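>>> just coords:
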């Protein structure tokens, strides 16, 4: 297959589907209305296409029907407008699949407790749609996964419908590239990689996503597209591990890693800045590299860079706690056991309410295990929701900003550098600040109570 002639298809079903997409008469079905599915649904509605969203969470269905967003980084206005215009509906009933022309799967792909790929959400979603599939539809998987998933798992499940992929229905893989809270790139302005199992599928995929993104990047197969997504996030994981390792070394040398990176990034070529932190968070970087590590074993390959990066990044919560412990001991002349600690930031990154894989959770648990009395403050996360790996923290509420002075904390540990926080005020009301994000870089007058970690 050549990418140049990918639009030249002879399949009559593909031709009819292409006509529907080009005329915007195709109905789009989106499975999973989370951080990926919801903005994608909005983007299709803005293009003038009808969207039916599916989710097993009835509260999300109710919010969409009311025209309200349940994700803080996504405003309610475009949802409300789409609902009122009759372009967006939501359901928890799988029979909607019969009424759509495109089914886009936006479901989680976490790791299990053995740090192996958990594809149960993908498998279940494919099983849900299979009884309702009909000829002339396109099925797109967006969930991050290892090369071969679309062909080895999704295709085999959907073909249980009796339909043949590549002939009766068209299978593609197009990895999500959402970055919650990013003000510079949105769903529509971020280039979209698409891989199809044959020319017909690729042509349909290009046409479909061209309606909502400015640039579609076709590749030769779904497996190639799956590899593209993993490569993007492995690149970030490895480089973050490098700068985290340098952080530990430079601290021993009395050198500020943040100053080093800021100076290094002035070089206009051959360098890209990455920044240290308390550990990896988010839906991609802490998880995706291990999908390839797991798959590599099938080929007898050991992914040493990836595994080493994982070890370094996973060690960061313990390093942060050790810096906090040493600071309390040296500067406050007391132990971590019994100290009052304010953990600042539960979200995995600044200015979002996304808590997926946040390093704040293991830090919180390990501080409590060490005997510290821990509170947290996060203006974006007023209460810790139930999570699979940190169920013991569910229901804990953030302290209010106004209550911080009366709590008389021994130390504030900055894990997330939300831009709405007054860090000078925080320093004034804490005996010690341990900063993992360089949020206090401008507090020169309070430098004696700040430790970088």
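Sure, I can see it. What you see is a predicted model, and the numbers here were worked out from it, not measured in a lab. Numbers count the residues shown, from 1 in each chain.

>>> and residue 385, what is it in contact with?
Shown in contact with residue 385 (CB atoms under 8 Å, 6 or more residues apart in numbering): 355, 394. From N, CA and C alone the C-beta is placed, and that goes for glycine too.

>>> mind running it again at 7 Å?
By CB atoms under 7 Å, 6 or more residues apart in numbering, residue 385 lies in contact with residue 394.

>>> One more: residue 49?
Listed by CB under 7 Å, 6+ apart, the contact set of residue 49 reads 24, 26, 28, 211.

>>> Which two of those have the greatest separation?
Greatest spatial distance in the contacts of residue 49: 24 and 28, 10.0 Å, computed using CB to CB.

>>> Neighbour count: the two, which is higher?
Neighbours per residue, other CB atoms under 10 Å: of residue 24 and residue 28, the larger number sits with residue 28, 28 against 12.

>>> Please point out which parts of the helix or strand containing the more buried one sit buried.
Here residue 28, judged by DSSP states H and E, is contained in strand 27-31. Within strand 27-31, the residues that count as buried by 16 or more other CB atoms under 10 Å are 28, 29, 30, 31.

>>> Following element in sequence after it, please.
Counting by DSSP H and E, the next helix or strand C-terminal to strand 27-31 is helix 37-46.

>>> Run through who's touching the helix or strand following that following helix.
Going down the chain from helix 37-46, the next helix or strand is strand 50-54, by DSSP H and E. Applying CB under 7 Å, 6+ apart, the contact partners of strand 50-54 are 27-31, 33, 37, 41, 44-45, 64, 87-92, 94, 96, 99-100.

>>> circling back to that earlier point, distance to residue 229 and pLDDT added to the buried residues of strand 27-31, as a markdown table?
As requested, those are exported to a markdown table (distance: CB to CB, whole Å; pLDDT from 0 to 100):
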| residue | distance to residue 229 | pLDDT |
| --- | --- | --- |
| 28 | 21 | 98 |
| 29 | 22 | 98 |
| 30 | 18 | 98 |
| 31 | 18 | 98 |
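
>>> Distance to residue 243 for those residues - can I get that in a markdown table?
A markdown table is the format used below for those (distance: CB to CB, whole Å):
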| residue | distance to residue 243 |
| --- | --- |
| 28 | 40 |
| 29 | 41 |
| 30 | 36 |
| 31 | 37 |
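
>>> ok, and what's touching stretch 287-298?
With CB under 7 Å, 6+ apart as the test, stretch 287-298 has contacts from 110-111, 115-117, 144-147, 230, 233-234, 237, 303, 306-307, 309-310, 357.

>>> so how far is the helix ranked longest in the chain off the chain centroid?
Longest helix in the chain by number of residues, with DSSP state H as the criterion: helix 222-253. From the chain centre to the centre of helix 222-253 is a distance of 15 Å (CA atoms, centre = their mean, to the nearest Å).

>>> Which strands and helices lie in contact with it?
Secondary-structure packing of helix 222-253 (3 or more CB pairs under 7 Å, 6 or more residues apart in numbering; DSSP states H and E): strand 170-173, strand 192-196, helix 257-264, helix 288-296, helix 304-314.

>>> Just give the number of residues close to residue 37.
Residues near residue 37, counting by other CB under 10 Å, number 24.

>>> again, but for the one 3 residues further on
If you count neighbours by other CB under 10 Å, residue 40 ends up with 26.

>>> next one: the one 10 residues further on
Residue 50 is surrounded by 21 other residues when neighbours are defined as other CB under 10 Å.

>>> Report the separation between it and residue 87.
Residue 50 is 5 Å from residue 87, where distance means CB to CB, to the nearest Å.

>>> ok, now residue 114?
Distance, residue 114 to residue 87, using CB to CB: 43 Å.

>>> Over to residue 81?
Residue 81 sits 8 Å away from residue 87, going by CB to CB.

>>> higher neighbour count, the two?
Between residue 81 and residue 87, counting by other CB under 10 Å, residue 87 is the more crowded of the two (19 against 15).

>>> which helices and strands sit right next to the strand holding residue 28?
For strand 27-31, the packing partners by 3+ CB pairs under 7 Å, 6+ apart come out as helix 37-46, strand 50-54, strand 102-105.
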